[in-house]
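Colleague: Give me a model of this one.
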Amino acid sequence: WYRFCRRKCRAAVKSVTFYWLVIILVFLNTLTIASEHYNQPEWLTEVQDAANKVLLALFTLEMLVKMYSLGLQAYFVSLFNRFDCFVVCGGIVETILVELAIMSPLGISVLRCVRLLRIFKVTRHWASLSNLVASLLNSMKSIASLLLLLFLFIIIFSLLGMQLFGGKFNFDETVTKRSTFDNFPQALLTVFQILTGEDWNSVMYDGIMAYGGPSFPGMLVCIYFIILFICGNYILLNVFLAIAVDNLADAESLNTAQKEEEEAKKRKNSAKDTIAEKKVEIAEVKDGETKVLTEALLEGDKESLPVIDPPGDDEDVDDDVDDDNVNLPDVPSGPRPQRLSELTLKEKTPPIPEGSAFFLFSSTNPFRVFCHKLINHQIFTNLILVFIMLSSVSLAAEDPIRNFSARNIILSYADYVFTSMFT
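Modeller: Predicted structure coming up:
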């Protein structure tokens, strides 16, 4: 009885009807959140609270039914199921805390809004959209590298802008400038504004006026803004478009491959059906021995036919988790060729250049040999990187408005230390 009930629940959970019921609940949750507004009547607030509790109960029931039918191990295989479990548990905790007056209601709850992300389940049965999402997720590594490069670019030009224009945009005391380089956070915002192209030319005109207007020294500062705008806007930001176009091309190729595979399966199934019908006609004419043989062949064909699983919320989860190990190719026990990325190549220390250094130290001089080993050591390289980061922090911490403040005096001594270390 237990196995029978669990099998029935599993079939219901993996059915199309159950899937669309969950999608309808998500849309109802979206409408409930969208109906909230400022200065709303009291009856609407009560209806929204009641709807939130009912929807939370239904989502909890859905989670429990899935856990019962699929099992805990198979349930948590799917990332969507993990996300649903987190959202439902967070909603239960929030409701309990609000009812016990431990926590005040947060208006449009954050966890309640997180439920809206469940609408992405539609991508499971929308092949083209699913391939597009998969391509975008696969490109996150290159996008993260580009974001890091863009962040370093913004930091460098922010520090350079603080040194050039810090405290110099106050030439017109009647107007308060919003885009300045007076401190590091404001410099970051100003550089980001220039990268987006939002009124960047007015910032450039302010920089020119800060150095005396459109004359010889003032016109030179426009080089800073032109380089920042061209390199940041036309090069770095447009790389995002290149990555997006590349991912769209990958998604289209995946759609084409899937369509060809589906057509091949349909042709194969239609051919098998035709052969099966011919075998049945032959079996009706011939004697009993041939009939038995034909039935055996038909049973073999039925076993070879693929089993079609109805599309559901967890169609990627098998009935048993151990089935994942079935039909796996045998891996040879012998050694396999290693990739270049798996090989740890030892970097050879470059040899000491021929000739003498400073016309005093030959290539065999002990002091020169020691210095050569020191600068090629990994610890020395990491130490220099640490000093570079500390020097950048000291530049960002300077106060360009009050030049003789206590902070600037301390940072000036630190600048002497960094200059000595780099020398």
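Colleague: Out of the helices and strands in this protein, which is least certain?
Modeller: The weakest-scoring helix or strand in the chain, judged by mean pLDDT, DSSP states H and E, is helix 288-304 (a mean of 47).
Colleague: Which residue is the nearest non-sequential neighbour of Met209?
Modeller: In this structure, Met209 finds its nearest non-sequential neighbour in Phe171, 5.6 Å apart by Cβ to Cβ, 6 or more residues apart in numbering. All C-beta spots, glycine's among them, are computed from the backbone N, C-alpha and C.
Colleague: what about the one you found, which SS state?
Modeller: Following DSSP: H, G, I helix; E, B strand; the rest coil, we place Phe171 in the coil state.
Colleague: Could you number the chain from 430 rather than 1 from now on?
Modeller: Noted, 430 is the first residue going forward, which turns the last one into Phe600.
Colleague: For it, grab phi and psi.
Modeller: phi -70, psi -30 (degrees, to the nearest 10).
Colleague: Gly500 now?
Modeller: Dihedral angles (degrees, to the nearest 10) for Gly500: phi 90, psi 150.
Colleague: Which neighbouring residues are in contact with Gly647, exactly?
Modeller: 637-641 (Cβ atoms under 8 Å, 6 or more residues apart in numbering).
Colleague: hmm, which of these are the buried ones?
Modeller: 637-640 (16 or more other Cβ atoms under 10 Å).
Colleague: Kindly check the end-to-end length of stretch 629-648 for me.
Modeller: 16 Å (Cα to Cα, to the nearest Å).
Colleague: buried stuff in it?
Modeller: Using 16+ other Cβ under 10 Å as the test for burial, stretch 629-648 gives 629, 632-633, 635-640, 647.
Colleague: would you turn the residues you listed into JSON lines with distance to Leu490, secondary structure and pLDDT?
Modeller: Formatted as JSON lines, those follow (distance: Cβ to Cβ, whole Å; DSSP: H, G, I helix; E, B strand; the rest coil; pLDDT from 0 to 100):
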{"residue": "Trp629", "distance to Leu490": "54", "secondary structure": "helix", "pLDDT": "90"}
{"residue": "Val632", "distance to Leu490": "57", "secondary structure": "helix", "pLDDT": "92"}
{"residue": "Met633", "distance to Leu490": "61", "secondary structure": "helix", "pLDDT": "91"}
{"residue": "Asp635", "distance to Leu490": "61", "secondary structure": "helix", "pLDDT": "89"}
{"residue": "Gly636", "distance to Leu490": "62", "secondary structure": "helix", "pLDDT": "90"}
{"residue": "Ile637", "distance to Leu490": "67", "secondary structure": "helix", "pLDDT": "90"}
{"residue": "Met638", "distance to Leu490": "67", "secondary structure": "helix", "pLDDT": "88"}
{"residue": "Ala639", "distance to Leu490": "65", "secondary structure": "helix", "pLDDT": "86"}
{"residue": "Tyr640", "distance to Leu490": "69", "secondary structure": "coil", "pLDDT": "86"}
{"residue": "Gly647", "distance to Leu490": "70", "secondary structure": "helix", "pLDDT": "78"}
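Colleague: Any idea how far whichever strand or helix holds Phe509 is from the middle of the chain?
Modeller: Assessed by DSSP states H and E, Phe509 sits inside helix 508-528. In terms of Cα atoms, centre = their mean, to the nearest Å, the centre of helix 508-528 is found 23 Å from the chain centre.
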